Structure formats: structure tokens, C-alpha cells
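Student: this one's sequence-less:
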Ligand SMILES: NC(=O)c1ccc[n+]([C@@H]2O[C@H](COP(=O)([O-])OP(=O)(O)OC[C@H]3O[C@@H](n4cnc5c(N)ncnc54)[C@H](OP(=O)(O)O)[C@@H]3O)[C@@H](O)[C@H]2O)c1
């Protein structure tokens, strides 16, 4: 029997949305030769869809059971996931995980453990649910210089924005729906504050550019303050509000990464990505632009990506990280600027925000919905004020891609700064 048919005994850690979706998929395909031999969950008191004897409440029992060929980690606790996955890699085990928050924080250590102890870690399900983007970047584009990877990486916030623009739902109702449908993370701040797509951008940067970014150094602005006025403002211009993650190579060869709402027109393929769907545009130097779209969240789509990893582990696949570089992964934010749109229902508060961002009073504009502002702002300044913008309910969206700002460069020169 070649290793592609080798029956596998799986240890499943986590039996929530993704764990149950994965279990369901493999139960329907007995010909795959996969058996979920043990399942670990957290709470002994929860009603389950399987009899109690299937479960243990101590995930370490799965680590200690060396008859398990593959461990599948799909829990909602990033710190515990790191403890379990790193312990499994120290044992040289084969592991599939969907935990992007854990990966974004610990990828360099996990890759090192993999190499030291001969285990394997795959994590297609951690980025864009069912879309095979990690493997596409890692294997297919391993030697293609990439101009940019950008996309809608969060199904919950995209669902909320779609419901607000198509159905006219208010933010709170749309968010409650996303949670009820199982798209949202346990903590909605991760989705709506764009922390979750930031983790995914960090993971993709490792495969697209070979750099391990610190998530805290990647600007993320979310949609917690988005309102009907913003959706209508975009619609009046033939645009939509989308939360777009961008990882792009700059003319100086360095890489910029950020996740913010963006006002997008139909010229972008991301414009048509709705509800819980995700979309990724990969711009290759030679291949040109390519677009992948699919379900970005939910038990079955994410479970399908976990299954693809388990089968890939059986075939002996590992990520190559072919572009891995030792160059420092510095975010050169001070050289960069963004064209932004910002709105707050209180004009006085909006005026104060202009002073934070060093925008002139002439940045203020009016439309039928009230007062808003537009202007070019250094990325660094947005990053410095990110928490205040969130805390004060200011909605900020960019109106284009990051660029090396002439105004910024000129003001630095005028101030005598060394370029
Ligand atoms: N939901 C999605 O669409 C989606 C998409 C892509 C990636 N992900 C990622 O997949 C992972 C799981 O997400 P989910 O939506 O399936 O979460 P979930 O529905 O909240 O389920 C989490 C599961 O983990 C179990 N668990 C938590 N701590 C544990 C521990 N210490 N030991 C053993 N089991 C533990 C929970 O046990 P109890 O049942 O006892 O509470 C529950 O079964 C997360 O990392 C998430 O970011 C989710």
C-alpha cells in the first residue's frame, strides 16, 4: 500500500464549528481511510452530537497517544493551541491547524520546531477558509516574484458589510446574524476590528515574500464604527466598503502590509465578493493578476481545507518557504501614505481627529449624509492613532493602495530629515 492510501488514525482537538464540520466530511467519505480515533474538547457539561464516550477533556491525552498518526488542532484558544501544537512538533508529529491567531504570533518558532524535530505543520484552513491560497503561494508561486497579495480575508466582516449594503441592515443586527451562522470568531472584536484578517496577512506574507511580520506592526483598522452613511457614500460613487488586507512589494523592494476598510469600485474583482465569501488577488511579476474566491468561513468549508491538509500530510507534503529571507521584516511605515476617507457623526469630534492626523480643516467635505473628510495621511500616523480612532468610533477607509508619499518625503526634507 502506498502512503496515499495508508489508513490514518486522527486525534481531533476541538469539536466546535470547524471540528464538527471536519468530522462530518470525513464520516461521509469512508473510502478515504481516515478515522477520528479520539476527540478532545474543553467542557464536560456541553450537550454533544456524539455519545460522551467519544470525548476526552484532556487534550494532553492525545499528545501522549502515539498511535494517532495526525493531530488536528481546531480549538478557539490561541495560547493553548500554541502549547499543544508546539509540543506535538517537538514529538516530530504531523499536525494540521486552523488557528491563525496562534500562527501569526508564533510562525517562526513553529517552523523552527518543525525543522529541528522532523514533524510537519500545515494550516490551509487558517487563511480564507476553503480557498487554497497558502499552498498556492508556497508551492505554485514559490519562485514567482509577487507585486502584491490582497484580498478579503474575513468572512464575518464581509457578511456584515454585505447585509448593510444590500439589505439595509444595521450593524448590530448583521453582526448577530454572522455570529448565529457560525462565521464569527468567539470574540467578535477579532473579526470586526480586523485583527483576524491581520493574522492572515501575516501568514501569507511568510509564503508570498518569505518574511515573518510581527502582527503588532501591521496596521489594522476595522468596521466597528461603519454606518449607513458610509455605505451610502460609497454606493453613490458606484463603490462598496470592503475590508481589504494588502501585502505588497514597494519600489524599494521592501514589503508593506496593512488591513483596513477600503472604498472599492467594480474594477476590482474583490467588489463582487459578498457575504461570508473571501477573495484573494495574487499579482505575479510574470504571471500577472490571478483571482481566487470561495467560502471563507463556516464548518464545512473550513473542514474541507483541514481535510485537504490531512490528506497532504499523508502524502508527505511540507511547506517549502522557498522565499524565506533573513532580511529584516521592517514596516517602512514612515515613508508611506494612504488616501483616506473618515467620518464621525459629531463634527466637533471629526475636527479633532483632523488635528491628530495633521489634516487641514479644508479636508472636511459634506454630502447628503453629513460631514466627512478626505486626505492623504502617513501610514505611521494612522498606526499611532489607531487605538484612539477605534475608541472614539471614527470610521476610516482608504481610497486606494499604499504609496510612497511625495508630500511626506517633501516635508521630511523640509524639516532637514535624512532621506
Ligand atoms: N469558524 C470558522 O469558520 C473558522 C474558519 C477558519 C478558521 N477557524 C479557526 O478554527 C479554530 C476553531 O474555531 P471554531 O469556530 O470551530 O471554534 P468553536 O466553535 O468555538 O469551537 C472551539 C472548540 O475548541 C474546544 N476547546 C477550546 N479549548 C480547548 C482545550 N483547551 N482543549 C480541548 N478543546 C478545547 C471547545 O470545546 P467545548 O466544545 O468544550 O467548548 C470547542 O469544541 C479557531 O482557531 C478559529 O480561528 C474558524
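Tutor: Yep, it's here. Fair warning: this is a prediction, and the values are worked out from it, not measured in the lab. Numbers count the residues shown, from 1 in each chain.

Student: how close does the residue lying closest to residue 161 once chain neighbours are set aside get to residue 286?
Tutor: Sequence neighbours aside, residue 241 is the residue nearest to residue 161 in space, at 5.5 Å (criterion: C-beta to C-beta, 6 or more residues apart in numbering). Quick note: C-beta positions are derived from backbone N, CA and C, even for glycine. Using C-beta to C-beta, to the nearest Å, residue 241 is found at 33 Å from residue 286.

Student: Next, count neighbours for residue 285.
Tutor: Using other C-beta atoms under 10 Å, residue 285 is surrounded by 11 other residues.

Student: try residue 79
Tutor: For residue 79, using other C-beta under 10 Å, the count is 11.

Student: of all the residues in the stretch 151-300 of the chain, which ones are close to the ligand?
Tutor: 182-183, 185-186, 297-298 (C-beta under 6 Å from any ligand atom).

Student: Quote the end-to-end distance of stretch 372-390.
Tutor: 16 Å (C-alpha to C-alpha, to the nearest Å).

Student: do stretch 116-133 as well
Tutor: One end of stretch 116-133 to the other measures 26 Å (C-alpha to C-alpha).

Student: One more: stretch 248-265?
Tutor: Span of stretch 248-265 from end to end, C-alpha to C-alpha: 20 Å.

Student: what about it, average pLDDT?
Tutor: Mean pLDDT, stretch 248-265: 91.

Student: ok, back up a step: between residue 241 and residue 286, who's got more neighbours?
Tutor: Legend: neighbour count by other C-beta under 10 Å for residue 241 and residue 286, higher for residue 241 (23 against 7).

Student: just checking, the more buried one touches residue 221?
Tutor: No. Residue 241 is not in contact with residue 221 according to C-beta atoms under 8 Å; the separation is 11.7 Å.

Student: Now for these two: what residues contact both?
Tutor: residue 261 (C-beta atoms under 8 Å, 6 or more residues apart in numbering).

Student: In the stretch 301-419 of the chain, where is pLDDT below threshold?
Tutor: Filtered on pLDDT under 70, the stretch 301-419 of the chain yields the residue ranges 327-334, 405-419.

Student: Let me see the ranges of the strands in it.
Tutor: 336-343, 364-367, 370-378, 395-398, 403-404 (DSSP state E, counting those that start in this stretch).

Student: In a markdown table: those strands, plus mean neighbour count and distance to the ligand.
Tutor: Putting the strands of the stretch 301-419 of the chain into a markdown table (neighbours: other C-beta atoms under 10 Å; distance: least, C-beta to the nearest ligand atom, whole Å) gives the following:
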| stretch | mean neighbour count | distance to the ligand |
| --- | --- | --- |
| strand 336-343 | 23 | 28 |
| strand 364-367 | 13 | 36 |
| strand 370-378 | 20 | 31 |
| strand 395-398 | 25 | 25 |
| strand 403-404 | 16 | 32 |
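
Student: Just give the nearest non-adjacent residue to the residue in the stretch 1-150 of the chain that the ligand sits nearest to, would you?
Tutor: Using C-beta to the nearest ligand atom, the single residue of the stretch 1-150 of the chain nearest to the ligand is residue 16, 1.8 Å away. Setting aside the residues directly before and after it, residue 16 is nearest to residue 76 in space (C-beta to C-beta, 6+ apart), at 6.5 Å.

Student: part of a helix, is residue 290?
Tutor: No. Residue 290: not assigned to a helix; according to DSSP: H, G, I helix; E, B strand; the rest coil it is strand.

Student: so it makes contact with residue 269?
Tutor: No. Counting by C-beta under 8 Å, residue 290 sits too far from residue 269 to count as a contact (9.6 Å).

Student: returning to that earlier point: which of the three states applies to the residue nearest to residue 16?
Tutor: coil.

Student: My read is that it contacts residue 182, right?
Tutor: No. The criterion here is C-beta under 8 Å, and residue 76 misses it with residue 182 at 11.9 Å.

Student: I'd like to check which residues are in contact with residue 104.
Tutor: Contact analysis of residue 104 by C-beta under 8 Å, 6+ apart lists 198-200, 202-203, 215.

Student: Provide a PyMOL selection command restricted to the buried entries of these.
Tutor: Entered in PyMOL, the line below selects the buried ones among the contacts of residue 104, by 16 or more other C-beta atoms under 10 Å:
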select buried, resi 198+199+200+202+203+215
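
Student: closest to residue 124 among the contacts of residue 104?
Tutor: Among those, residue 203 lies closest to residue 124 (C-beta to C-beta), at 10.3 Å.

Student: Could you say which helix or strand holds that closest one?
Tutor: helix 195-208 (DSSP states H and E).

Student: coming back round to it: intersection of neighbour lists for residue 290 and residue 269?
Tutor: Joint contacts of residue 290 and residue 269 (C-beta under 8 Å, 6+ apart) are residue 281.

Student: Same drill for the two, tell me which one is more crowded.
Tutor: Neighbour comparison, residue 290 and residue 269: the larger count goes to residue 269, with 17 against 14 (by other C-beta under 10 Å).

Student: Next one: residue 298 from residue 224, what distance?
Tutor: Residue 298 is 22 Å from residue 224, by C-beta to C-beta.

Student: Please disregard the earlier target; I meant residue 212.
Tutor: 28 Å.

Student: tell me the domain ranges of this structure?
Tutor: 143-295, 333-414 (automatic domain parsing).

Student: Need the winner for burial among these.
Tutor: Highest mean neighbour count among the domains of the chain (mean count of other C-beta atoms under 10 Å): domain 143-295, with a mean of 20.

Student: sorry, back to before: could you dump the contacts of residue 104 into CSV and include pLDDT?
Tutor: Output for these, formatted as CSV (pLDDT from 0 to 100):
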residue, pLDDT
198, 98
199, 98
200, 98
202, 97
203, 98
215, 95
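
Student: Run through the residues that contact the residue nearest to residue 161.
Tutor: Residue 241 neighbours (C-beta under 8 Å, 6+ apart): 161, 165, 223, 226, 230-231, 234, 261-264, 397.

Student: For it, grab phi and psi.
Tutor: phi -90, psi 130 (degrees, to the nearest 10).

Student: partner residues bridging it?
Tutor: residue 263 (DSSP bridges).

Student: From residue 40, how far out is it?
Tutor: 40 Å.

Student: Quote the end-to-end distance of stretch 37-46.
Tutor: Using C-alpha to C-alpha, the two ends of stretch 37-46 sit 20 Å apart.

Student: Same question for stretch 148-158.
Tutor: Span of stretch 148-158 from end to end, C-alpha to C-alpha: 21 Å.

Student: Same check on stretch 361-378?
Tutor: 17 Å.
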